[in-house]
Structures are given as C-alpha cells and as structure tokens.
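need coordinates for the following:
(one chain, ligands or ions: 2)
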Amino acid sequence: MSKHAMSLLPRWCSRVFSVELNGAPFYFAVKEKHLGEDVPRVFREVQNRDKCYSVLVYCSRDRIKTAKFYGELKDKLLRDLPPECRLSPMSSFLPKVRDSLVKGYFLKGNSDTSSPIERLLSDLIQHDPVLVCSYSPAEDGQQWTQHMWSETASQVMDVAKGYYVVPSEAPEYHPSTLNIINSDVFYSFDEAYDVMKKCGDIIPEAKAVLELLPSRVEARNKPDFPVIVIEGLDATGKTTLTESLKDTLGATLLPSPPECLSPWRARFDQEPPLIRRAFYALGNYISADQIGLKGTKTPVIVDRFWHSTAAYAIATAVSGPVCNLPGEGSEVYCWPSDLFQPSLVVLLTLDPEERKRRLRNRGQGKTDEEEELDHNQLFRLRVEEAYRRISGPACVTVDASPSADRVLQQVLLLIRGKCHL
Ligand SMILES: Nc1ncnc2c1ncn2[C@@H]1O[C@H](COP(=O)(O)OP(=O)(O)O)[C@@H](O)[C@H]1O
Ligand SMILES: Nc1ccn([C@@H]2O[C@H](COP(=O)(O)OP(=O)(O)O)[C@@H](O)[C@H]2O)c(=O)n1
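Residues are numbered from 1 along each chain as shown. Ligands and ions are numbered 1, 2, ... in the order given. Below is the predicted model of the structure:
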C-alpha cells in the first residue's frame, strides 16, 4: 500500500526544521520556489560530494510505542550507520502550534557512505513510523534541495518534486516547549494514569504501579496541620533539613517519590520522558494521599514534591540557555488543579561550588540527571529557574549556604510566619 509521506506531517511548507550542532540549533524551512535566499547555515559548510538526510519520527496512533521507538532509534542509528556518518538531533514544528513538534535525527554522510545509509533508511521507512528526506545541492550548485522519500510495498523512492531549503528565524522559545503539556509534565491524575495504563502491555512493572495508586484523587482528608515541602537540587541539604524539621516540629516526614515506588524507580528512570515523567507524576498523587492521612495528626514535611517533577521535566525537555524556557507565567508552570497544595514550599539554593563540595563529601552515587547537573551548567540553571517560575503555590527561596542550624532557624521562621505553628 502506498502512502504519501507528506500527509503524515501536515503543512510541510509552513514547518520549521531545527538541527542541533554542538548544542546550538540551526533553523531552516522549505519552499517550492526560490527567491534568492541564502543557503541555511547547516548546509553552508557541507562539501559538494556530501549528502545529508533527515529521519523524523511522526506520532503513530500509539504514542507509548512512538516514544519507545524514538528512544531506540538513536541506538539503532549509532549501531548500524557507518562510523563516519555524523548524527545530530533534529526536530520539525509549526511555530506557535501546540503538539506540532516531531523529533528525529539529521545525518551527514559522503559519497562513500551514501549506499549503506540509504539502505538503512529504506529499511526504516518500510517498517517504522519515520519520514525520511535527503538533501543535496540543486542543479545550479548554488542552492540545496530537500527530497522526501515515499514508500511503496516493495521499494522506496524520492517523491518527484524537490523543495528548496531556506534559512528560517529562531522561534521565541525552544521548540520543545510546544509539546511539554501532557508529554513531559502532566497536569492531572487522569493524564498520567492514562499513560501508565497504556504501558501495562509492554512494561509489566506498570501494572504494579497502578495497583499502588489511590482510588480517589482528592486527598482523602484535608490536613488540619501545615504541610511543608522542601525542594532544591541534590546536595543542597534537603535531607539534613527535613530530618531536623521532623524532630523540631514533631512532624511526619514523607519522601517523594513515596517509598512504595522505590522498587520500580530504577526501571522507570530508563524509560523515555513520556513514561518516566508519568511515573513521577503519579508518585505525587500517592504522596498527596499519604499527606492527607498523616496531616490530620501532625505537621507533615515532604522531601521534594511537584516542583521537582515539573522543573526537572521542563529543564530536560528544553536545551540551551535559560531564555529558551517557556516564558514566565506560561501555563506550563501551573500547579495541577487536582493535586493537593502544600501550605509552604521552600527552595534551598546553593552556590554551585559549595554544592559540589557537599556532593564530594557525601560521596554517594548519583543519578544520571544529577551527573548532568554537575557537567552541564545550563541544565542546572534551567532547573533552578523552572523551580522559581512554578506557581500555585510558588516556592520561597532560602539560601542554604549557612550552617545547618542557621538554615533550620531560617526555615522555622518562615513556617511560623506562614503556618502559625
Ligand atoms: N547547611 C549545611 N552546611 C554544610 N553542610 C551541609 C549543610 N546541610 C547539609 N550539609 C551536608 O551536605 C551534604 C548534602 O546534604 P543532604 O541533606 O544529603 O542534601 P540533599 O538531601 O538535598 O541531597 C551532606 O553531607 C550534609 O551533611
Ligand atoms: N516528586 C518528585 C521527586 C523526584 N523526582 C525526580 O527525581 C530526581 C531527583 O531525585 P533524587 O532522589 O535523586 O534526589 P535527592 O532528593 O536524592 O537529591 C529528580 O531529578 C526528578 O526527576 C520527580 O520527578 N518528582
């Protein structure tokens, strides 16, 4: 059965394409007619005998499978492509159109490698939800053109018409911001639950997670006592502070994600963002249920909560500097309407050097994300800024560099001011 590739990604000529080279994005668009525009920067340094390709993963009906496939595609390309072939992250989107982003890879090869690359891409297009294009210099040698591949039952061929590639302006925010809602951050129990439920067929552990979920989303009891969440990057002193608060206030301390999810955490940390973030989102609803239970008897201190879930997810989805984040006040930073709202959220902040020193002294293993915080300063800045932008409740920032006791006293003052304890 033949299908026209273009119908899989509508409004092809309105789309912007982004290729990330050494962490910096380069944008281009396609046009039927050429009006003397420049050659986009991505193609400017490419030699004449080189050939480039793009593989974009379009969303099939099953978005769990699509997310899994996207994660596996990179491994497959890295394993099966000739080593000389250069692979860069790529995406395509309709500016300002929500959920229009599709992701994939941009491949650069030369005339020696084009046969194995094309064999691999032909195979992919026949079996997987991908859209393949090749890029080559136009006949006049001045411009570059894009040819979309079309698949028939037995062969793969270029769709006859080529498009010119032309430079395009950078969007206001990083293109990934278009797809954050309900793919990276979930704003209701039902949205996260739906993803976990659909995972049941392919990830056996998902069924175990579903069984731990509360039957009612609303916290079963409205806590009579204050509920205080302590947030911050790894090694800012959350554990130290939450333990002291527990003792000083006679409070109950709840970790997040909740302990009952511990056996499954490493498993879900390996999954693509859609599944991994749904797991953490659901963890907050389990915590909310426990808060409802304990908060009728004592104050409750929570080590991380929704701020962590949303801030890390947003900062991972977006790359580059802080200005790439969704703008302040964006709906992306809103608290889920069906999730319990704590009385106070404290964000511990620390100078990066002091944080590293504390990490070294503690000497524990780190998650990949925490490793990333160390190596990638921009990632750390994005997480911190996303923390600050989340509202409903917003966090109150506390400098965690003084001694543990001084930090405790500072936070107790805040709690007494806000929660009348
Ligand atoms: N205010 C502080 N001053 C100096 N060292 C601290 C302070 N708070 C915590 N530490 C130390 O820093 C390390 C990280 O603290 P921890 O409470 O485990 O952070 P987190 O739970 O945020 O990862 C620990 O070794 C802890 O003893
Ligand atoms: N409520 C929560 C808690 C953690 N998390 C995730 O868990 C990671 C940090 O957890 P962690 O247990 O390693 O952090 P520490 O509290 O040990 O510093 C973050 O990177 C988040 O991605 C979350 O998404 N939601």
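
what does the stretch 151-300 of the chain put close to ligand 2?
234, 238, 256-257, 280, 283-284 (Cβ under 6 Å from any ligand atom). Placement of C-beta: from N, CA and C, glycine included.

which stretches of the stretch 51-200 of the chain have low pLDDT?
152-161 (pLDDT under 70).

where do the helices sit along it?
63-80, 114-127, 189-199 (DSSP state H, counting those that start in this stretch).

farthest out from the centre of this structure, which residue is that? Tell me.
Asp140 (41.5 Å; Cα atoms, centre = their mean).

next up, the contacts around that residue.
Asp140 sits next to no residue when contact means Cβ atoms under 8 Å, 6 or more residues apart in numbering.

need phi/psi at it.
The phi/psi pair for Asp140 (degrees, to the nearest 10) reads phi -70, psi -10.

among the helices of the stretch 51-200 of the chain, which comes closest to Gly417?
helix 189-199 (31.9 Å; Cβ to Cβ).

now the angle between helix 63-80 and the very next helix or strand once past that closest one, please.
Downstream of helix 189-199, the first helix or strand assigned by DSSP states H and E is helix 204-212. In terms of direction (axes from the mean of the first three to the mean of the last three Cα atoms, to 10 degrees), helix 204-212 departs from helix 63-80 by 150 degrees.

C-terminal to helix 204-212, what's the next element?
strand 227-232.

the inter-axis angle of the helix or strand that that next one is followed by versus strand 227-232?
Per DSSP H and E, the first helix or strand lying C-terminal to strand 227-232 is helix 238-249. For helix 238-249 against strand 227-232, the angle by the same axes, to 10 degrees is 150 degrees.

who touches helix 238-249?
228, 230-232, 251-253, 298-299, 301, 303-304, 348, 400, 404, 407-408, 411-412, 415, 421.

coming back round to it: so which of the residues of the stretch 151-300 of the chain next to ligand 2 reach ligand 1?
Near ligand 1, by the rule Cβ under 6 Å from any ligand atom, you find 234, 238 out of those.

any chance of the residues of the stretch 151-300 of the chain next to ligand 2 in a markdown table, with neighbour count, secondary structure and pLDDT too?
Listed next are those as a markdown table, based on neighbours: other Cβ atoms under 10 Å; DSSP: H, G, I helix; E, B strand; the rest coil; pLDDT from 0 to 100:
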| residue | neighbour count | secondary structure | pLDDT |
| --- | --- | --- | --- |
| Asp234 | 18 | coil | 92 |
| Lys238 | 22 | helix | 98 |
| Ser256 | 23 | coil | 94 |
| Pro257 | 22 | coil | 97 |
| Tyr280 | 24 | helix | 98 |
| Gly283 | 28 | helix | 98 |
| Asn284 | 27 | helix | 97 |
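
what's the most distant pair in the residues of the stretch 151-300 of the chain next to ligand 2?
Asp234 and Asn284 (18.5 Å).

any residue of the helix or strand containing Asn361 up close to ligand 1?
Using DSSP H and E, the element containing Asn361 is helix 352-362. Yes - applying Cβ under 6 Å from any ligand atom, one finds that helix 352-362 is in contact with ligand 1 at 358, 361-362.

got a list of what whichever residue of the stretch 1-150 of the chain sits closest to ligand 1 touches?
Nearest residue of the stretch 1-150 of the chain to ligand 1: Gly23, at 27.3 Å (Cβ to the nearest ligand atom). By Cβ under 8 Å, 6+ apart, the contact set of Gly23 is 319-320.

restricted to strands, list the contacts of helix 238-249.
Judged by DSSP state E, strands contain the following of the contacts of helix 238-249: 228, 230-232, 252-253, 301, 303, 348.

so which of the helices of the stretch 51-200 of the chain is the most surrounded?
Most buried of the helices of the stretch 51-200 of the chain, by mean neighbour count (mean count of other Cβ atoms under 10 Å): helix 189-199, with a mean of 19.

that one vs helix 63-80, what angle?
60 degrees.
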